[in-house]
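In: what shape does this take:
(chains A, B, C and D, ligands or ions: 4)
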2 protein chains.
Amino acid sequence: MKNEIAEILKRSQLSVTGSRTKILELFQESNGALAHADIEKKTDESYDRVTIYRTLQTFVEKGIIHTIPTADNSIRYALCKDECSTGHHHDNHVHFICDECGTTYCLDNITVPEIALPEGFTQKRADVIVSGICKNCE
Amino acid sequence: MKNEIAEILKRSQLSVTGSRTKILELFQESNGALAHADIEKKTDESYDRVTIYRTLQTFVEKGIIHTIPTADNSIRYALCKDECSTGHHHDNHVHFICDECGTTYCLDNITVPEIALPEGFTQKRADVIVSGICKNCE
DNA sequence: AATTATTTGCAACATTGTTGCATGTGAGTA
DNA sequence: TACTCACATGCAACAATGTTGCAAATAATT
Ligand SMILES: [Mn+2]
Ligand SMILES: [Mn+2]
Ligand SMILES: [Zn+2]
Ligand SMILES: [Zn+2]
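Out: Ligands and ions are numbered 1, 2, ... in the order given. Sure, this is the predicted structure:
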């Protein structure tokens, strides 16, 4: 609901504006992750492209959403859980992208396994992206 | 060497041309993965941008190189091992991207772990991308 | 050497992302 | 409520990235 959204924004010291509220709303309604283009469509182009870019960027910085790398050059974004905050993401779950419908799922219950790196390499972040056919498309 | 490169191309039923030879050579010389932009620079713009796009696409299809998704919307490419062929990639190793120098490593010895997916999901491919500081930058 | 199938470069275009700046708006304060 | 100021937005202009059709060039085949 609206109030909850305003809460999230305030908690991150962001002013509550139309575009931010709307975009955050979209993420809450959506079951999958969203790409920049999706948001443009779903907002019916009521907001400038630049505003959407900047909003997404801000949300990522503030730990409100996280990015999901893809093999097709179109970063997806999805809501973070409560533990994330400015500069500190803790989204260590696996992501699944359906080859059929394109839906990107946050598999919140499946955590990214530990990877043993070679000597000298230090891990900051790890992404696991599985692709194939999702439960709705098989 | 040149002959080996020609061999690879012929094996994939591709004609041996200047751009393909040069680009394949670049991959062999490079220790890390290459993005489209890297190739453009390293070839000193002697080949049209379109040609590079198409060459990379062809190489991926033929199982000569594989793609590496990144969080910054710039797909990297790296040589496949011999097992890959047209439509059949078997590059199940972990990739590491250095936040400092940007180098993208194929950690050939570290295989992608099995991921247990929820009911109804079928896996076609899995990518593990670890980022942090590499052995040269720490 | 001639033929044919493939590859390339160019042009034109589409999409995606970035930056500076003037204007508008939200949040706090009087 | 009205005022102020910092911040957010929209616009314009631009840069970078990616796509397509087509004619010319070139590699492979005969
Ligand atoms: Mn997620
Ligand atoms: Mn690799
Ligand atoms: Zn699906
Ligand atoms: Zn490095």
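In: surely A:Lys10 meets A:Val16?
Out: Yes - counting by C-beta atoms under 8 Å, A:Val16 is a contact partner of A:Lys10 at 6.9 Å. (C-beta placed from N, C-alpha, C; glycine too.)
In: the more surrounded of these two?
Out: Taking other C-beta atoms under 10 Å in any protein chain shown, A:Lys10 and A:Val16 do not tie; A:Val16 has more neighbours (14 against 11).
In: in what helix or strand does the more buried one lie?
Out: Under DSSP states H and E, no helix or strand contains A:Val16.
In: quick check: pLDDT value at it.
Out: pLDDT, A:Val16: 97.
In: show me the contacts for it.
Out: Residues near A:Val16 by C-beta atoms under 8 Å, 6 or more residues apart in numbering or on different chains: A:Ile5, A:Ala6, A:Leu9, A:Lys10.
In: among the residues you listed, give me the pair with the biggest separation.
Out: A:Ile5 and A:Lys10 (9.7 Å; C-beta to C-beta).
In: anything in stretch A:124-138 near ligand 1?
Out: No - judged by C-beta under 5 Å from the ion, stretch A:124-138 stays clear of ligand 1, getting no closer than 9.6 Å.
In: quick one: contacts of that stretch?
Out: By C-beta under 8 Å, 6+ apart, stretch A:124-138 touches A:68-71, A:89, A:92, A:94-101, A:103, A:105, A:112-113, A:115, B:69, B:71, B:99, B:115, B:117-133.
In: by neighbours, which of the contacts of A:Val16 wins?
Out: Ranked by neighbour count (other C-beta under 10 Å), these have A:Leu9 at the top, with 20 neighbours.
In: for the closest residue to that one other than its chain neighbours, give its distance to A:Glu7.
Out: Using C-beta to C-beta, 6 or more residues apart in numbering or on different chains and skipping residues adjacent in sequence, the residue nearest A:Leu9 is A:Val16, 5.0 Å away. As judged by C-beta to C-beta, to the nearest Å, A:Val16 and A:Glu7 stand 9 Å apart.
In: what of A:Asp48?
Out: 26 Å.
In: try A:Thr55
Out: Using C-beta to C-beta, A:Thr55 is found at 17 Å from A:Glu7.
In: got it, and A:Ala35?
Out: 26 Å.
In: who has more neighbours, the two?
Out: Neighbour count, other C-beta under 10 Å: between A:Ala35 and A:Glu7, A:Ala35 has more, with 19 against 12.
In: tell me the pLDDT at that one?
Out: Predicted confidence (pLDDT) for A:Ala35: 96.
In: now do the one 5 residues further on
Out: The pLDDT attached to A:Glu40 in the predicted structure is 96.
In: quick check: it touching A:Arg49?
Out: Yes - counting by C-beta under 8 Å, A:Glu40 does reach A:Arg49; the two are 6.6 Å apart.
In: which one of these two has more residues nearby?
Out: Higher neighbour count among A:Glu40 and A:Arg49: A:Glu40, with 16 against 12, using other C-beta under 10 Å.
In: list the contacts of A:Ile65.
Out: By C-beta under 8 Å, 6+ apart, the residues touching A:Ile65 are A:Phe27, A:Leu56, A:Phe59, A:Tyr77, A:Ala78, A:Leu79, A:Cys80.
In: nearest residue to the fourth one in space, please, no chain neighbours.
Out: It stands for A:Tyr77. Sequence neighbours aside, A:Ile65 is the residue nearest to A:Tyr77 in space, at 4.6 Å (criterion: C-beta to C-beta, 6+ apart).
In: just the second one next, same as before
Out: With C-beta to C-beta, 6+ apart as the measure, A:Tyr77 is the residue that lies nearest to A:Leu56, at 5.9 Å, once sequence neighbours are left out.
In: burial of the one you found, as a residue count?
Out: Neighbours around A:Tyr77, by other C-beta under 10 Å: 23.
In: in a strand, it, correct?
Out: Yes - with DSSP: H, G, I helix; E, B strand; the rest coil as the criterion, A:Tyr77 is part of a strand.
In: so where do the helices sit in chain A?
Out: With DSSP state H as the criterion, chain A has helices at A:2-11, A:18-29, A:36-42, A:49-61.
In: of those helices, which is nearest B:Ile23?
Out: helix A:36-42 (29.9 Å).
In: packing partners for the closest one?
Out: With contacts defined as 3 or more C-beta pairs under 8 Å, 6 or more residues apart in numbering or on different chains; DSSP states H and E, helix A:36-42 has these neighbours: helix A:18-29, helix A:49-61.
In: cool, thanks, talk later.
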